[in-house]
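J.: sequence and predicted model, in that order:
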Amino acid sequence: MKTTSMERTFICIPNVGESGYPRLYSGARELRKQSDFVPESEPYTVCSVHPLTPLIGAVVEGVDLREVDDAVHAELHRALLEWKVLFFRDQLLDGPEHIALARRWGNIEVNDFFPNGDVQAISRLAKGPKSIGQENMWHSDTSFRRDPSKVSILRAIDVPATGGDTMWADMAAAYDNLPGSVKEQIDGLKAIHTFTKSWGLTMAPEQVAAIAEIHPPIAHPVVRTHPETGRKLLYVNEPFTTEIVGLPRNEGDELLDYLMFQARVPEYQVRFRWEPGSVAIWDNQATQHYAINDYYPQRRVMERVTVAGDQPF
Ligand SMILES: [Fe+2]
């Protein structure tokens, strides 16, 4: 069937059985690469910023992440709002320097789920034959918190020769490209987020109960607003979002399934090949990510620090 959205015409393929939500369509996407917050003409003078796609992801050169002064941070902050995920090669950060870098963006979170690295508040994600990577689902880090992470900083310690890439998706683009009828339908809706849908399944019942005391199920807006750019962001994800508040279960599940599918559209994505010493800094409010598990049983060891954000609105 043919559908018109804004000034574009595209071909929809109604491939989702009875729900009526057309998941796939061909033709132009509306890809607004820059927020209204960042003037397009403003150049970077301290860092060298090289976009990997027209929309999301840039490699930053000319920066030693051990020595980020105010001028460098100001440009990195602006570049992060513009490109949503920044990549750096050949960085020599140790744990305390990783923490210091993250503190530039705000207060550090302690993760209640992953083992800490050498320094507290660093989550060490060590995968291999005995610990299989489970992060190959599109998600936003810690959306089950009342105040989910604002920024995540991940550095590669040990990576396979090939495989183990990570992908990110721009959730402002995912929202922008929804049909107008769906935008109207989800305006003002909230959805429940909880760790018990995913991480909780791998934990002992008493551990689930203890962490649920800290992180009970929480309702967040289905469409949140970025606190700095003002962009509208689609904010539901596969491992943590369980239901849409106020909708009958079947209807809500179909809508949720359709909305969660949007992160999978390639035009919204960037994919990064890790090397030892690579670092990624991402805006965890504006993006979702997916750690590709194609390297098992090889080792892949990463360390992550997350920065506390605010309650979504
Ligand atoms: Fe993650």
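T.: Received, thanks.

J.: where do the helices of the stretch 51-200 of the chain begin and end?
T.: 70-83, 95-103, 171-176, 180-186 (DSSP state H, counting those that start in this stretch).

J.: any chance of CSV for those, columns mean pLDDT?
T.: Below are the helices of the stretch 51-200 of the chain laid out as CSV (pLDDT from 0 to 100):
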stretch, mean pLDDT
helix 70-83, 94
helix 95-103, 95
helix 171-176, 96
helix 180-186, 94
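
J.: ranges for the helices of the stretch 201-313 of the chain?
T.: Counting by DSSP H, counting those that start in this stretch, the helices of the stretch 201-313 of the chain are 205-214, 249-261.

J.: residue ranges with poor pLDDT in this structure?
T.: In the predicted model of the chain, residues 1-20, 22-24, 34-41, 114-119 satisfy pLDDT under 70.

J.: re the thing from before, any chance of the helices of the stretch 51-200 of the chain in CSV with mean neighbour count and distance to Pro221 as columns?
T.: The C-beta positions use only the backbone N, C-alpha and C, and glycine is treated the same way. Supplementary listing: these in CSV, determined by neighbours: other C-beta atoms under 10 Å; distance: least, C-beta to C-beta, whole Å:
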stretch, mean neighbour count, distance to Pro221
helix 70-83, 18, 20
helix 95-103, 18, 26
helix 171-176, 24, 11
helix 180-186, 14, 9
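
J.: can you tell which of those helices is closest to Asp310?
T.: helix 70-83 (15.4 Å; C-beta to C-beta).

J.: against which helices or strands is that closest one packed?
T.: With contacts taken as 3 or more C-beta pairs under 8 Å, 6 or more residues apart in numbering; DSSP states H and E, helix 70-83 sits against strand 48-51, strand 58-61, strand 85-88, strand 279-283.

J.: so what's Ala169 up against?
T.: For Ala169, the contacting residues are Ile56, Trp138, Ala263, Arg264, Val265, Tyr268, Gln269, Thr287, Gln288, His289, Tyr290, by C-beta atoms under 8 Å, 6 or more residues apart in numbering.

J.: how far away is the residue lying closest to Asn111 once chain neighbours are set aside from Leu154?
T.: Among residues not flanking Asn111 along the chain, Ser123 sits closest, at 4.5 Å (C-beta to C-beta, 6 or more residues apart in numbering). If you measure Ser123 against Leu154 using C-beta to C-beta, to the nearest Å, the figure is 9 Å.

J.: joint contacts of these two?
T.: Looking at what touches both Ser123 and Leu154 (by C-beta under 8 Å, 6+ apart), the common residues are Glu303, Arg304.

J.: the two: who's more crowded?
T.: Leu154 (24 against 21; other C-beta atoms under 10 Å).

J.: roughly how far apart are that one and Arg231?
T.: In terms of C-beta to C-beta, Leu154 sits 23 Å off from Arg231.

J.: and what of Leu189?
T.: 18 Å.

J.: looking at the two, which one has more neighbours?
T.: Arg231 (22 against 18).

J.: skip the chain neighbours and tell me the closest residue to that one.
T.: Ala172 (4.3 Å).

J.: contacting residues for that neighbour?
T.: Arg32, Ser35, His226, Thr229, Arg231, Lys232, Leu233, Ala286.

J.: so which of those residues belong to strands?
T.: Judged by DSSP state E, these include Lys232, Leu233 as members of strands.

J.: are any of the contacts of Ala172 buried, and if so which?
T.: Among the contacts of Ala172, those classed as buried by 16 or more other C-beta atoms under 10 Å are Ser35, His226, Thr229, Arg231, Lys232, Leu233, Ala286.
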